[in-house]
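Trainee: One predicted model, sequence on top.
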Amino acid sequence: MLFDSSIRKELARSFGATLVVLVTVVMTMMLIRTLGQASRGNVNPSDVIMVMGFTVLGQLPTILGLSLFVSVVGSLSRMYRDSEMVIWFASGRGLISFLPPLLRFAWPVVAVIAVLATLVWPWSNQQVQQLRSQYSQRSDIDRIAPGEFQESSDGSRVFFIDKDTPGAQAASNVFIVTNEPNSESVTSARSARLVYENGQRTVILSDGQRVETQTGAPGVKISEFKEYGLQLGSGGSSAAEDASARSQYTHTLWRSPQPAYQAEFGWRLGLPFAALNFVVLGLAVASVNPRAGNSASLMVALLAFIVYYNLMTLGQSWVGAGRIGALSFLALLHGGTLAAGLAVLAARHHRWSIRSLWTARRKEMLS
């Protein structure tokens, strides 16, 4: 009882601290990334916090898996460093006896990862995709912001209006650049107002100038106007884009034979298996070498995590390309990793090594 409770308390403290640090780092990275998308016009600036929250929520399975791996390796390495492992070994506890308390601590985390990967991950992707779709389908007039250069939905126009605008239906010091297949025009006006004609919204420019150049033709056409009407696109398309595989629910991916759907299904199903393998790998690789420093085990753990997840990403691309089936890759990667981790754990438990096995084999041959 003391053996089990002491290990689980140590893991709980380490897991909580690691999770807080990783969530903070990921939130900072996602905030910077979302702000960059908002500056490029891909995300509504007022929805930055929501997009960041949904993105971090979708990344929680990976964060929890890494936190579990680091907590196992860090806790066991500290026990090695403080000679607590020596005490447990001297009391008759072998290395394999640490596996049951580790699994009892890890199974709720693995269950949460499974729920997040299969249910929350597609929901968060749907919310982010919906926010981006609503912002991208807004009209060109809705895109205009005082004091900022804004691009139209199709990328053919760039707008700018002065910060000192009379109201929502009027503007001052308007600047519009229009790129067409065979011409380019620059229109400037002292003022503009929005009117409705036949159900269409039209911008009436007043006291301005239009400079137009033709592609492949010499000369510039300059015209001045007292009033000039410019009809802006309504934005948005009647045909909605197909939802990506990342936004589909897990049962839909399971029923669909499309390789892209099967690849996403294999990725989601592999996340809880990877977390379970991290517990076994953490117990197998955790150790302290005084000559290598206290952080050697953590460096090995981070390297193993990066390699593991890169292999999962590579396998997802292979399944998406139809080179291998999703279930076959799950069995190959996660089953092979589990077998390798148990083999290393058994070798360390029984103190097997290539040298000892060779010596035993040699004595057997001599006898």
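Mentor: Structure's in. What do you need? A quick note: this is a predicted structure, and the numbers were derived from the prediction, not measured. Numbering: from 1, shown residues only.

Trainee: what ranges of the stretch 251-367 of the chain fall below the confidence cut-off?
Mentor: Along the stretch 251-367 of the chain, the parts satisfying pLDDT under 70 run over 287-295, 351-367.

Trainee: let's see it at 90
Mentor: Applying pLDDT under 90 to the stretch 251-367 of the chain flags the ranges 251-262, 280-305, 316, 320-327, 340-367.

Trainee: residue boundaries of the strands in the stretch 151-300 of the chain?
Mentor: If DSSP state E, counting those that start in this stretch is used as the criterion, the strands of the stretch 151-300 of the chain fall at 157-160, 170-179, 183-197, 200-214, 220-231.

Trainee: What is the distance between the helix or strand hosting Gln129 and the centre of its chain?
Mentor: Using DSSP states H and E, Gln129 sits in helix 121-136. Here helix 121-136 is found 14 Å from its chain centre; the criterion is C-alpha atoms, centre = their mean, to the nearest Å.

Trainee: Check which helices and strands it sits against.
Mentor: Applying 3 or more C-beta pairs under 8 Å, 6 or more residues apart in numbering; DSSP states H and E, one finds that helix 121-136 contacts helix 48-81. C-beta coordinates here come from the backbone N, C-alpha and C atoms, glycine included.

Trainee: From start to finish, how long is stretch 146-160 in a straight line?
Mentor: For stretch 146-160, the first-to-last residue distance is 7 Å (C-alpha to C-alpha, to the nearest Å).

Trainee: tell me the mean pLDDT over that stretch?
Mentor: Regarding stretch 146-160, the rounded mean pLDDT is 71.

Trainee: swap in stretch 109-123?
Mentor: So the average pLDDT for stretch 109-123 ends up being 92.

Trainee: Mind listing residues that contact that stretch?
Mentor: Residues outside stretch 109-123 that contact it (C-beta atoms under 8 Å, 6 or more residues apart in numbering) are 15, 57-58, 60-61, 64-65, 68, 246-250, 268-269, 271-272, 275-276.

Trainee: tell me the mean pLDDT over the longest helix along the chain?
Mentor: What stands out as the longest helix in the chain, according to DSSP state H, is helix 2-39. Mean pLDDT, helix 2-39: 85.

Trainee: now stretch 219-228
Mentor: In this model, stretch 219-228 has a mean pLDDT of 83.

Trainee: Show me which positions of it end up buried.
Mentor: Neighbour-count burial for stretch 219-228 flags Tyr228 (criterion: 16 or more other C-beta atoms under 10 Å).

Trainee: same thing with stretch 81-95?
Mentor: Neighbour counts using 16+ other C-beta under 10 Å place Met85, Trp88, Leu95 of stretch 81-95 among the buried residues.

Trainee: try stretch 258-278
Mentor: Within stretch 258-278, judged by 16+ other C-beta under 10 Å, the buried ones are 259-278.

Trainee: I'd like to know which of those are part of helices.
Mentor: 259-278.
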